[in-house]
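> just the structure for this:
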Amino acid sequence: MRRMKKKVLPYFLSCAVLLSSLVPPLAAAPNFKPGAFLRDAEIESILTDFISPIFRVAGLNPNDIHIYIINNSDLNAAAGPNYSFFLNSGFLIDASSADEIVGVLAHETGHIADGHILNRLEAMERASIMALAAMVLGAAAAAAGSPDAATGLALGGALSAQYTFLHYSRGQEASADQAGVRFLDRLGWSSRGFLSFMKKLKTQDLLNSDQQDGYLRTHPLTSDRVDFLSNYVAHSKLADKELPEHLQREFARMKLKMMAFLMPGRLQMQLSSDDQTFEARYARSILQFMSNNHDEALRNLDSIIKETPKDPYLYDLKGQILYDKGDIHSASSAYKKALSLAPEQTLIALAYAQCLLEMADPGSTMEAFKLVKTAVKKEEKNPFAWQLLAIAYGKQGNIGMSALSLAEKALADDNYPTAKEQSERALK
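Model prediction:
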């Protein structure tokens, strides 16, 4: 565990609300709480790459996609309002192939395109993001306090859902299945991954409901559905068509990365020392970081960067390791490089801004201020962004705007008493 008041720059995932005074890191890699929302620029970018083509052939706008990943081993995924996808880490890690993930995402897009979520939209829009995740996934979602937040953040407090809010009817499931395979056909992609996923679920169909994965509790499985998919794949000319190579590479990278952060022990047993693929070496650097072997992690990472110098997420990881090591200036340089290669990535911009705010010179403060002002426009419900903006205003002596930013942060955290208190401070 980290022996610091609040660590604010984990590279990949984290939970909790940021309430940080800025202090250098002392030791230890991130610790991730079960049930927490997980944020990572690279993982979200990969999933957007998976979903965007499906959205386009469905007549939907990929710019509207919102992705929420939950640290939960349950095999579940669900679509929510406002083009949101709630995906458990267990679903992403335990998927056997990119085809399985694409198949499920196509099915969930079918629910959106067919309007199945609109019936519940009004009630769902009144819910917080954390409550919404619990509703659509039909599982308990809890984010307890943790010292880890920044590139990762949690969007709410603790909550336990005692009921399944979005339980689809059999007719809606069949309709989404048909829409999903139709979308995949339009892309020239096979539906075999979705069939493979459904067959996995079929093995659980006889279990008690409390032993089943959440997907079965929210998406009723029938033999008719499996029969439909089996027949469809059997007669499809695309049955054996491989997904684009870049999606398969991204899947392998995402899976090993998530395992390295969330299940390092399991990955260490699975990862062969003879495996020298890019993905394996990348994951090995994260495993070394998680074991607090910063120098070895950096040496391995630098060798990968030398081979692929234009990969922003390698510099993103380097920044995290250097920050965790206490080398703020070097971390800042790594994040600056990452942002230059991926200027659209708000989470990387926030990581870079955090480093700048820890420096003493006014120029760094102003640069951080500009970055964070842009970030809150893109992610107005990001508590960490508002926290950094409050710090930037405070460093400039603007106490009123600092308090107002803390009020916005409290609203993003659903902490209404603190929001009221900080708003009153801002008016003084």
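
> hang on, residue 242 is in a strand, isn't it?
No: if the criterion is DSSP: H, G, I helix; E, B strand; the rest coil, then residue 242 is coil and not within a strand.

> test my guess that residue 281 contacts residue 304.
Yes: using Cβ atoms under 8 Å, residue 281 is in contact with residue 304, at 5.6 Å. No exception for glycine: its C-beta is placed from N, CA and C like everyone else's.

> do me a favour and get the end-to-end distance for stretch 412-419?
Using Cα to Cα, to the nearest Å, one end of stretch 412-419 lies 9 Å from the other.

> in that stretch, which residues are buried?
Of the residues in stretch 412-419, those scored as buried under the neighbour-count criterion (16 or more other Cβ atoms under 10 Å) are 412-415, 419.

> what packs against the helix or strand containing residue 392?
Taking DSSP states H and E as the definition, one finds residue 392 inside helix 383-395. Applying 3 or more Cβ pairs under 8 Å, 6 or more residues apart in numbering; DSSP states H and E, one finds that helix 383-395 makes contact with helix 346-357, helix 362-378, helix 399-412.

> any regions of this structure where pLDDT drops low?
Judged by pLDDT under 70, the chain has its weakly predicted residues at 1-30, 118-168, 203-222.

> recalculate using a threshold of 90.
Scanning the chain for pLDDT under 90 picks out the ranges 1-37, 73-76, 78-82, 114-175, 198-227, 273, 360-361, 413-414, 427-428.

> can you show me the strands along it?
Taking DSSP state E as the criterion, the chain carries its strands at 37-38, 66-70, 77-80, 84-88.

> nearest to residue 336, of these?
Proximity to residue 336 (Cβ to Cβ) singles out strand 37-38 among the strands of the chain, at 24.5 Å.

> separation between the nearest residue to residue 316 once chain neighbours are set aside and residue 319?
Of all residues beyond its chain neighbours, the one nearest residue 316 is residue 338 (4.4 Å), with distances taken as Cβ to Cβ, 6 or more residues apart in numbering. Applying Cβ to Cβ, to the nearest Å, the value for residue 338 to residue 319 is 6 Å.

> tell me which of those two has more neighbours.
Between residue 338 and residue 319, residue 319 has the larger neighbour count (other Cβ atoms under 10 Å), namely 29 against 26.

> what about the more buried one, distance to residue 335?
Computed as Cβ to Cβ, the residue 319 to residue 335 distance reads 4 Å.

> common neighbours of the two, please.
Each of 351-352, 355 lies in contact with both residue 319 and residue 335 under the rule Cβ atoms under 8 Å, 6 or more residues apart in numbering.

> I'd like those residues written out as JSON lines, with neighbour count and distance to residue 91 added.
JSON lines is the format used below for the shared contacts of residue 319 and residue 335 (neighbours: other Cβ atoms under 10 Å; distance: Cβ to Cβ, whole Å):
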{"residue": "351", "neighbour count": "30", "distance to residue 91": "26"}
{"residue": "352", "neighbour count": "29", "distance to residue 91": "31"}
{"residue": "355", "neighbour count": "26", "distance to residue 91": "33"}
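
> ok, those vs residue 64, which is closest?
Distance ranking of those against residue 64, using Cβ to Cβ, places residue 351 first at 25.3 Å.

> wait, isn't the closest one in contact with residue 320?
Yes: counting by Cβ under 8 Å, residue 320 is a contact partner of residue 351 at 7.5 Å.

> picking that back up, give me whichever of the helices and strands packed on helix 383-395 is most buried.
A comparison of the helices and strands packed on helix 383-395 by mean neighbour count, using mean count of other Cβ atoms under 10 Å, puts helix 346-357 on top with a mean of 27.

> which strands or helices does it pack on?
Using 3+ Cβ pairs under 8 Å, 6+ apart as the contact criterion, the elements in contact with helix 346-357 are helix 41-57, helix 312-325, helix 328-341, helix 362-378, helix 383-395.

> quick one on the thing from earlier: residue 223: which of the helices and strands packed on helix 383-395 is closest?
Comparison of the helices and strands packed on helix 383-395 against residue 223 by Cβ to Cβ identifies helix 346-357 as nearest, at 43.1 Å.

> next, the angle helix 362-378 makes with that closest one.
The directions of helix 346-357 and helix 362-378 differ by 150 degrees, with axes from the mean of the first three to the mean of the last three Cα atoms, to 10 degrees as the criterion.

> intersection of neighbour lists for residue 338 and residue 319?
Counting by Cβ under 8 Å, 6+ apart, the shared contacts of residue 338 and residue 319 are residue 352.

> buried sites along stretch 283-303?
Neighbour-count burial for stretch 283-303, with 16+ other Cβ under 10 Å as criterion, is recorded at 283-290, 293-294, 297-298, 300-301.

> which two in the residues you listed are spaced the farthest apart?
Between all members of the buried residues of stretch 283-303, the farthest pair (by Cβ to Cβ) comes out as 283 and 294, at 16.3 Å.
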